[in-house]
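1. Show me the folded form of this:
(chains A, B, C and D, ligands or ions: 4)
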Amino acid sequence: MLYDPGIPRGTALSSENVNIARLYRGLQYVRRVEESVAEIYPSDKIKSPVHLSIGQEAASVAVCDVLEQTDYVSGTYRGHALYLAKGGSLKGMLAEMYGKSGGAAGGKGGSMHLVSQEANVLGASAVVGTNIPIATGAALSMKMQKNGRIVACFFGDGSTEEGAFAESLNFAALKKLPILFVCENNFYAIHEPLSARWATNRLCERVATYGIPTTLIDDDDVLKMHDAARQAVDSIRAGNGPAFIEYQAYRLREHVGPNEDFNQGYRHEDEAAVWRGRDQVARLSEMIDPEERARIDADIETEIDAAVDFAESSPAPAIEELYRHVYAD
Amino acid sequence: MLYDPGIPRGTALSSENVNIARLYRGLQYVRRVEESVAEIYPSDKIKSPVHLSIGQEAASVAVCDVLEQTDYVSGTYRGHALYLAKGGSLKGMLAEMYGKSGGAAGGKGGSMHLVSQEANVLGASAVVGTNIPIATGAALSMKMQKNGRIVACFFGDGSTEEGAFAESLNFAALKKLPILFVCENNFYAIHEPLSARWATNRLCERVATYGIPTTLIDDDDVLKMHDAARQAVDSIRAGNGPAFIEYQAYRLREHVGPNEDFNQGYRHEDEAAVWRGRDQVARLSEMIDPEERARIDADIETEIDAAVDFAESSPAPAIEELYRHVYAD
Amino acid sequence: MSMQIEQRGRVLPYVHAIREALAQEMKADPSVFVFGLDVDDHKGIQGSTMGLVDEFGAERVFTTPLSEDAMTGAAIGAAMTGMRPVHVHIRMDFMMLAMNQLVNMAAKTHYMYGGAFNVPLVVRSMIGKSWGQGAQHSQGLHAMFAHVPGLKVVAPSNAYDVKGCLIEAIRDNNPVVFMEHRLLYFTEAFVPEESYTVPFGKGRIHGADGEAAADVTLVGVSNMVLECLRTKEILAETGVRCEVVDPISIRPLDFDTIAESARRTGRVIIVDNAWVDFGTSAEIAARIAENDDLRHVQIRRMGYAPTTCPTTPWLEKEFYPNPATIAEAAYALVHPDKPGLSVAPEKVELAYQAQFRGPF
Amino acid sequence: MSMQIEQRGRVLPYVHAIREALAQEMKADPSVFVFGLDVDDHKGIQGSTMGLVDEFGAERVFTTPLSEDAMTGAAIGAAMTGMRPVHVHIRMDFMMLAMNQLVNMAAKTHYMYGGAFNVPLVVRSMIGKSWGQGAQHSQGLHAMFAHVPGLKVVAPSNAYDVKGCLIEAIRDNNPVVFMEHRLLYFTEAFVPEESYTVPFGKGRIHGADGEAAADVTLVGVSNMVLECLRTKEILAETGVRCEVVDPISIRPLDFDTIAESARRTGRVIIVDNAWVDFGTSAEIAARIAENDDLRHVQIRRMGYAPTTCPTTPWLEKEFYPNPATIAEAAYALVHPDKPGLSVAPEKVELAYQAQFRGPF
Ligand SMILES: Cc1ncc(C[n+]2csc(CCOP(=O)(O)OP(=O)(O)O)c2C)c(N)n1
Ligand SMILES: Cc1ncc(C[n+]2csc(CCOP(=O)(O)OP(=O)(O)O)c2C)c(N)n1
Ligand SMILES: [Mg+2]
Ligand SMILES: [Mg+2]
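-> Ligands and ions are numbered 1, 2, ... in the order given. Here you go, the predicted structure:
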């Protein structure tokens, strides 16, 4: 699904020869999809909460650029970017948000539980922190199967406060599991700032005490993120066990819903301004050839239009579907 | 309950002028009680599992020596030492183990759930790690009540693997709660060594990333432990928030039950030999006047005999007791 | 004997009644405090804690890290040592993270310590519904808690009861699982201004109108009380008369009030806001069943479909009982030989939208 | 139709039957692995995993850190990606730490992902009893799990069933909560050597001896099946004839077999190894009760006293139903007008000591 102007995904790239066009394509794709979701939202066609990643797309896009298709990813309710970057079907995503039968989960999961068997998206959980052990178990599975695959697990800063995070780190490090932990630190859990939740901000240091190599990206830089992901993935694939990246970026929209929320009082537009200045979509858009960029942009719009059409016209699920999938055969 | 030949408990003592006789008394008291329990055990009068602290009494004795009576402690199923050191009634403990009505919990808790309202022993849990958040909450309570009291929370190395441990550390540090965390690291959880459970042994380093001051006592030294406890308690009472001590010592008996278990194959007598050489009861016994020591020893035996008599003669609980205490009035 | 409700005070929405109960108890008792994720933000748990932090300060009203397990333990520890915490979860589903502390510690503390310590703790949580709440934001899990001696479980269905029950819960010396429902938040009832309590273990019967005995008893749990009251209106048009029983508290359960109504009507439908199997409806049915002199009573149970809750509205609407499905079931029970009732969808929607103004 | 048991193979204790099931499935399927606290030590979960690490290696049989929550998640993640984990807890009480992963993830995965992933997971745990197990080491919490669609719950009561059910559970593509009982570990039955499965959702009736219809049905759960079988012997001496139903699996529940026996005897006592209120006994009673043509059936429930489990043996013995109390209840139900039965204590002790040798 990701645009590929030549260099195959998964190819080792130093940050010097990273494929900027492909990264731009990935970022712009997620951004535009989410902007479209936000535009559609007031129509009430999307009958599901939406947690947008606008402003923090870079971690998913950079990591998935480095992963193989056969690798797994696991994410959260704020999971559109990850699902799309890993190659989840856009049609499936939009139809899912519309609650239609053509959705990624046939309408049963909604925006918060995007999943793709084809793209190896292990799903997404709306109970904060719960995907971390699941991803860890998938990594255990990869290791036991000796199949060379790895797992990338994404979660927010709030997730790190759940006990399951510490438990998972210890186990992953103990068993040298092939897993990349990516904390997307956007400084807030809903409206609560880190200062109300973290005793200190020494997260990387803490993770390192498990013997896990860590990297902090504190400025949303997609190229640094790509570089860190590449090194981490190489190390993991070499059998060195887990790696951890703390990626700091800013959620530009409200916690849940399509709008901005700087009028709500819990955070200030000034804070956002710094991060807007670092916008990676804008940055990369200036690094590539304008014609190529126009082509990429046009392709994306076409793809989005087609997916919206698909979602609109996909039939509602039949009532019998309610009773399917409670148990697997 | 602790022997007090003059210097009141809770008095600031540097390690130079610590009251050795009192510490010896504390250690010997716990040791002899547990040895007596082990002797009684084959008679099946104690109808309860017993988790002995023999070999690792020093943490409880040293910390409680420093605490005030009004401070709280919280422990685990391996909690005889803590209960006794804090001043819990020996009669209540033995009667509890006998399942008698005169027991600390009227026979409802057994050896694993020793509790004392009078001595401010907050109880003990047999689900590993669960007392840590409870103690943290008690510290929150002390802070909210601004009563100057602190809480000392004891737990094994295995407890640190439970998510609740990490969650509690973060919360305690965030809120600067008056709590001393004491990890009694005896290198095993039942028969499983640290190497099967910990990715690294950088526990103190990890705890420090929460901004919590830590001390490692790696040789069971009761005087070092006393010193560390004194410093920690002073700091906590001064309002600096939690402190952490990792106290390493060796469990000389089996995980549960009265016997040694070096014939079981999971650990070797050689390992124990090192720790036997460091035995703190023996060490302190040589530091005090032999006559005083004889007096202390005799007192302890008298107290134990009286408590055994009490337990033997305490009546069984009446059947109606089954239905009492399900709900508080 | 079931309780009657007072019809005094202002008409207040459920959410404000919660807030008022908290504020009054915090004012009356300095040991009461309110904590949990997001209780102090500008949305204040959908309004139910709004402004409390301004009134009582950040020491008594505060958010926490995302650490439900340890925060529950912390609440227990605080409760054991002189405080009266109210711990808030915005969804009941998240209480699964707190299960160990609630079941193995809170419920057991008073007993296993032989009465040495109490746990005067309130755990508030809300059941979600609709708009894509789905699998993990919609569960009514009260039966799990009600199974455990040492816990109390309450599910007030209206603004009057929610205030009185919350004050009762805060003053109770035991852990109380306090269950709210998102869709009840804006339902209204008369609520006295002053502080009052609604005791646990006493239900209410909303009787059939007029003198004749009713044909069927509907026992509703949480917001299903509302759905049952609407069912009663729908069925009245068909000549079928209902009594609606609201047990209010699940543990302790006022079985006498249920039995009294069941004896009268001979037919009981229990409508739970939860799965049927192994749920609260099973307990109520079982209590009737083990009563030999109620063996004439016909019993039916309704609740969630035996599935996970789907997000898509097309399936979600089949997942829950509603006044139409309840009315159809009740009608079939009363008139087994008549053709089945079929309720027009418009009639159902009212149940969600109507502003209930008590008395109930 | 209830199942008959085969009377072939060796006489084997329950604990060895578990071990054999694990070994056979591990041999047959390389995706099966066994993990959990202490599964690889020299005591091997009271013998049930003994030696597996030697046979299958430390990669497929391993202990874990004390991290029940994350280990449960890890089991789910492994199950979603091609493995068949058997996760072991030495006590069911500790599963409260795993509740969030089991209820919010394992049970929901297949459904909320629209069938994209399966969770072929077995979670073994053991109910403890006696010798001071007390509040936190004795709980049968199966009703909580059985309440949740997406989970299966099994409670085999004898060596034959435990082997067959465990193999069935491992091959099942869904999360199965597999409940053992400490006191069953050394009970024996005929167990075929080869691999076989016992299907879920099929119970067994241990009929009254002779031709006449029995007077009462005893439904036992987990080790309460044994207590009921002993009760049957005790009652036989008084002329009261029992059928004992063992549902084997709790969810799915073979209600047909229970109904068949209940219809015959007209009297049912459900004896659960758990609390009565909001428990499995409620579900079984409710299913009978909502069946109009079983309204003639008298129903009673027995289980733990409605208290926390005390450690002291003087109180603990009153906490559990036993063959004496069950027999007394059954006798009173059958002969309401006769003076009550009083069973000598010696007769009861047998139930715990007798070595059951099948077939039952
Ligand atoms: C266990 C749990 N507790 C609370 C919530 C409510 N909640 C939903 S999102 C959220 C904030 C999570 O913050 P973070 O992990 O930083 O992710 P972000 O939303 O910022 O991406 C909270 C508290 C939840 N869903 N699950
Ligand atoms: C949550 C939980 N998991 C497992 C057990 C079983 N268990 C009892 S004691 C124990 C070992 C705990 O080790 P540690 O914390 O080091 O304490 P120690 O016994 O060495 O003092 C285990 C695993 C338990 N009681 N609780
Ligand atoms: Mg965040
Ligand atoms: Mg240990």
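2. all contacts plus neighbour counts: C-alpha atoms, from now on.
-> Will do.
3. any idea of the pLDDT on the closest residue to C:Thr81 other than its chain neighbours?
-> Nearest non-adjacent residue to C:Thr81, counting by C-alpha to C-alpha, 6 or more residues apart in numbering or on different chains: B:Ala138, 6.0 Å away. B:Ala138 is assigned a predicted lDDT (pLDDT) of 99.
4. does B:Ala138 really touch C:Ala78, like I thought?
-> Yes. In this structure, B:Ala138 is within contact of C:Ala78 by C-alpha atoms under 8 Å, at 4.6 Å.
5. More neighbours: these two, which one.
-> Neighbour count, other C-alpha atoms under 10 Å in any protein chain shown: between B:Ala138 and C:Ala78, B:Ala138 has more, with 35 against 28.
6. tell me the contacts of C:Val225?
-> Counting by C-alpha atoms under 8 Å, 6 or more residues apart in numbering or on different chains, C:Val225 touches C:157, C:219, C:244-246.
7. Next up, identify which helix or strand it is on.
-> Using DSSP states H and E, C:Val225 falls within helix C:224-236.
8. taking the mean pLDDT, what do you get for that helix?
-> The pLDDT scores in helix C:224-236 average 96.
9. List the buried residues for it?
-> C:224-235 (16 or more other C-alpha atoms under 10 Å in any protein chain shown).
10. and which of those is nearest ligand 1?
-> Of all those, ligand 1 sits closest to C:Met224, with 24.7 Å by C-alpha to the nearest ligand atom.
11. mind checking the longest helix of chain A?
-> Criterion DSSP state H: the longest helix present in chain A is helix A:290-313.
12. Any idea which residue of the stretch 1-150 of chain A lies closest to chain D?
-> A:Gly137 (3.4 Å; C-alpha to the nearest C-alpha).
13. In contact with the residue most central in space within chain C, which residues are there?
-> Among the residues of chain C, the one closest to the centroid is C:Ala155, at 1.9 Å (C-alpha atoms, centre = their mean). By C-alpha under 8 Å, 6+ apart, the contact list for C:Ala155 reads C:178-180, C:221-222, C:248-250.
14. Serialize the residues you listed to a markdown table and add fields for secondary structure.
-> Shown next, in a markdown table, are the contacts of C:Ala155 (DSSP: H, G, I helix; E, B strand; the rest coil):
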| residue | secondary structure |
| --- | --- |
| C:Phe178 | strand |
| C:Met179 | strand |
| C:Glu180 | strand |
| C:Val221 | coil |
| C:Ser222 | coil |
| C:Ile248 | coil |
| C:Ser249 | strand |
| C:Ile250 | strand |
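15. what helix or strand does the residue in chain A that ligand 2 sits nearest to sit in?
-> Going by C-alpha to the nearest ligand atom, ligand 2 is nearest to A:Glu167 of chain A, at 12.7 Å. Using DSSP H and E, A:Glu167 maps to helix A:163-174.
16. I would like the residues contacting that helix, please.
-> Residues contacting helix A:163-174 (C-alpha under 8 Å, 6+ apart): A:129-130, A:132-133, A:136, A:140, A:159-160, A:178-179, A:207, A:210-212, A:241-242, B:161-167, B:196-200, C:67, C:69, D:64-65, D:67, D:69-71.
17. Flag every residue of chain A that's near chain B.
-> Within reach of chain B by C-alpha under 8 Å from any C-alpha of the partner chain, chain A has these residues: A:161-167, A:170-171, A:173-175, A:196-200, A:202-203, A:205-207, A:209-211.
18. Please indicate which of the residues you listed are buried?
-> A:161-167, A:170-171, A:173-175, A:196-200, A:203, A:205-207, A:209-211.
19. Stretch C:51-61 and chain A in contact?
-> No. Residues of stretch C:51-61 are not located near chain A by C-alpha under 8 Å from any C-alpha, the shortest gap being 10.9 Å.
20. Off-centre distance for that stretch?
-> 26 Å (C-alpha atoms, centre = their mean, to the nearest Å).
21. Report the buried residues of it.
-> So stretch C:51-61, judged by 16+ other C-alpha under 10 Å, has buried residues C:51-53, C:56, C:60-61.
22. end-to-end on it?
-> The first and final residues of stretch C:51-61 sit 10 Å from each other (C-alpha to C-alpha, to the nearest Å).
23. do stretch C:308-320 as well
-> End-to-end distance (C-alpha to C-alpha), stretch C:308-320: 11 Å.
24. Check stretch A:139-152 too.
-> One end of stretch A:139-152 to the other measures 9 Å (C-alpha to C-alpha).
25. for it, the distance to its chain's centre please.
-> With C-alpha atoms, centre = their mean, you get 20 Å for stretch A:139-152.
26. Enumerate the positions of it that are buried.
-> Neighbour count says stretch A:139-152 has A:139-144, A:149-152 buried, by 16+ other C-alpha under 10 Å.
27. next one: stretch C:183-195
-> C:183-192.
28. Can you say which two of the residues you listed are spatially most distant?
-> C:Leu183 and C:Pro192 (21.9 Å; C-alpha to C-alpha).
29. picking that back up, next, give phi and psi for the residue nearest to the centre of chain C.
-> phi -140, psi 70 (degrees, to the nearest 10).
30. all strands for chain A, in order.
-> Along chain A, the segments classed as strands by DSSP state E run A:72-76, A:121-125, A:151-156, A:179-185, A:188-189, A:192-193, A:214-217, A:243-248.
31. now check the second one, is it near ligand 1?
-> No. Counting by C-alpha under 6 Å from any ligand atom, ligand 1 is not contacted by strand A:121-125; separation bottoms out at 8.4 Å.
32. same deal with the last one?
-> No. Using C-alpha under 6 Å from any ligand atom, we find that strand A:243-248 stays clear of ligand 1, coming within 10.8 Å at best.
33. go on, the fifth one?
-> Yes. Looking at strand A:188-189 against ligand 1 by C-alpha under 6 Å from any ligand atom, the contacts come from A:188-189.
34. Note down every partner strand of that strand and its orientation.
-> Strand pairing for strand A:188-189, determined by DSSP bridges: strand A:192-193 (antiparallel).
35. I'd like to check what contacts the partner strand. Which residues are they?
-> A:187, A:266, C:38, C:41, C:63.
36. 7 Å instead, please
-> With contacts defined as C-alpha atoms under 7 Å, 6 or more residues apart in numbering or on different chains, strand A:192-193 is touched by A:187, C:38.
37. how distant is it from the center of its chain?
-> 21 Å.
38. Can you show me the strands along the stretch 151-300 of chain C?
-> C:152-154, C:176-181, C:188-191, C:204-206, C:216-220, C:242-246, C:249-251, C:267-275, C:298-304 (DSSP state E, counting those that start in this stretch).
39. Make a markdown table from those and add mean pLDDT to it.
-> Formatted as a markdown table, those follow (pLDDT from 0 to 100):
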| stretch | mean pLDDT |
| --- | --- |
| strand C:152-154 | 98 |
| strand C:176-181 | 98 |
| strand C:188-191 | 96 |
| strand C:204-206 | 93 |
| strand C:216-220 | 98 |
| strand C:242-246 | 97 |
| strand C:249-251 | 98 |
| strand C:267-275 | 98 |
| strand C:298-304 | 98 |
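40. D:Cys165 is nearest to which of the ones you listed?
-> Here strand C:267-275 is closest among the strands of the stretch 151-300 of chain C (C-alpha to C-alpha), at 25.8 Å.
41. the inter-axis angle of that closest one versus strand C:242-246?
-> Following axes from the mean of the first three to the mean of the last three C-alpha atoms, to 10 degrees, one obtains 40 degrees for the angle between strand C:267-275 and strand C:242-246.
42. Counting by contacts, list what strand C:267-275 packs against.
-> strand C:216-220, helix C:224-236, helix C:280-289, strand C:298-304 (3 or more C-alpha pairs under 7 Å, 6 or more residues apart in numbering or on different chains; DSSP states H and E).
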